[in-house]
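Trainee: just to be clear, the model below is a prediction. Sequence and coordinates:
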Amino acid sequence: MWKRLTAGLLCACFVASINPVLAASFQDVHQTRYEDAYTYLSLKGAVKGYSDGTGRPFFLLNRVEALKVLLDLSPRHRPRVQYYQEHPSRLPLFTDADQSAWYVPYLEAAFEAGIVTGYRDRTFKPGNPLKTEEAIVLIMRVYGEDVRRDSEGPDGWFRSDVERAIGRNIVASEEALYLGDTINRGQFFDMVYRMDEAKTQNLTAFIDADGTVKRHAPLVRRPLPVVTVPNGNVGASFSLSIPALGIEGLPVNHPADSFTSKGLLAPLKYGVGHLFSYPGGGGKIMIYGHSSGYAWDSSKYTKIFRRVNELKPGDKVYVAYNGMQRVYEVQYHEQIAPTDTRPFTGRGEELILYTCWPPDSIAKRWIVHARPMSEIVASQ
């Protein structure tokens, strides 16, 4: 939609001059389905990207980051943000808000406008990853499209807004979104772009690039995993296969001693290591391996995760455990500090591949996030 409009409104020389700038700003967004959204929002000053020239469309964003994008885009709310930036409040609205943080003026402006109210315990949880229903409600409230009905049940506070957003084609039909799940930057920016475009053009629904309106199916919660108990002839096993990296049947071993460095390294002589939850258990499954090895280490697994950064969203990871094979789909990756435990918190099953980074260094950690897709019983 955005490409079609700019082609009709801007002269060719201007388009030619601006496209390289946009491509350079968001090198990892080019040729993804979020490119239009990033282009649109960056031209409006709501998205600036990172200093390394990336937009990180498959990374998660937190509650205040989402709020900032929406208020920076809103002519109605932006002046109030500026007011609170120039006149900071001494008393916090929420007990977990740092009054010296950049996001406080956005919280003040949003609270004043009735966009956010916080939780009953007077917290806002600014650093929490944004969930699908939270994203939709925020968007609908900022644009004055929310339907505040006193519906019964735990979904009452968002159900009407979600239905209205789908009706206006704000949620792209090709997105695999689930209620209660976190969403990434690209998914959120795409919804904001579609809403802003529909409002700006005074459309009853966002029109897709092919000139049609393809509404998303009703949003539901992610189905619970199906667990099949293996028969007595199937022995316990644990292995990892990543076709995109040429890894097949890689042994996964839980350390006998997970409290010392020596104990954690021991499984890496025979494959990769495992910590925390097990497949099908509903928690965080950490599988860790070497990206480089020591000169004295003769194991064939010393560089098994050296190319893990090549995994892309949508790539499949197969985990065989206790007679069953589960399929996980890569969502996004990130580089973190060795002491950062944030990725291992939160609810829901997730496979996390973990290694030292960059290769031949232990300065950082590279982690890949993958979510369960399906389960199939292993061949007997």
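Mentor: Noted; the coordinates are in hand. Numbering: from 1, shown residues only.

Trainee: for Leu107, what are phi and psi?
Mentor: Backbone torsions of Leu107, given as degrees, to the nearest 10, read phi -60, psi -40.

Trainee: i'd like the first residue to be 50 from this point on
Mentor: Sounds good: first residue 50 from here, last item Leu156.

Trainee: count of neighbours near it?
Mentor: If you count neighbours by other Cβ atoms under 10 Å, Leu156 ends up with 28. Every C-beta, even on glycine, is put in place using the N, C-alpha and C of the backbone.

Trainee: just the pLDDT for it.
Mentor: For Leu156, the pLDDT comes out at 97.

Trainee: against Ala162, how distant is it?
Mentor: 11 Å (Cβ to Cβ, to the nearest Å).

Trainee: and for Glu224?
Mentor: Distance of Glu224 to Ala162, computed by Cβ to Cβ: 28 Å.

Trainee: Leu122 now?
Mentor: From Leu122 to Ala162 the distance is 14 Å (Cβ to Cβ).

Trainee: kindly report the same for Pro106.
Mentor: 28 Å.

Trainee: swap in Gly229?
Mentor: Distance, Gly229 to Ala162, using Cβ to Cβ: 26 Å.

Trainee: circling back to that earlier point, so between Leu122 and Ala162, which is more surrounded?
Mentor: Legend: neighbour count by other Cβ under 10 Å for Leu122 and Ala162, higher for Leu122 (21 against 16).

Trainee: residues in contact with the more buried one?
Mentor: 90, 93-95, 241, 245 (Cβ atoms under 8 Å, 6 or more residues apart in numbering).

Trainee: phi, psi of the nearest residue to Ser123 once chain neighbours are set aside?
Mentor: Using Cβ to Cβ, 6 or more residues apart in numbering and skipping the chain neighbours, the partner closest in space to Ser123 is Val191 (5.8 Å). When read as degrees, to the nearest 10, the backbone of Val191 gives phi -60, psi -40.

Trainee: how confident was the prediction at Asp230?
Mentor: In this model, Asp230 is scored at 85, pLDDT.

Trainee: now it: phi and psi?
Mentor: phi -90, psi 150.

Trainee: and it, how far is that from Gly338?
Mentor: From Asp230 over to Gly338 (counting by Cβ to Cβ), the distance is 27 Å.

Trainee: among those two, which residue is more densely surrounded?
Mentor: Gly338 (24 against 18).

Trainee: tally of neighbours for the closest residue to that one other than its chain neighbours?
Mentor: Once flanking residues are discounted, Gly338 sits nearest to Val321: 3.7 Å by Cβ to Cβ, 6+ apart. Using other Cβ under 10 Å, the number of residues around Val321 comes to 24.

Trainee: what's the span of stretch 313-320, first residue to last?
Mentor: 12 Å (Cα to Cα, to the nearest Å).

Trainee: repeat for stretch 195-203
Mentor: Terminal-residue distance, stretch 195-203 (Cα to Cα): 17 Å.

Trainee: avg pLDDT for it?
Mentor: Mean predicted lDDT for stretch 195-203 stands at 68.

Trainee: then stretch 262-274?
Mentor: Mean pLDDT, stretch 262-274: 77.
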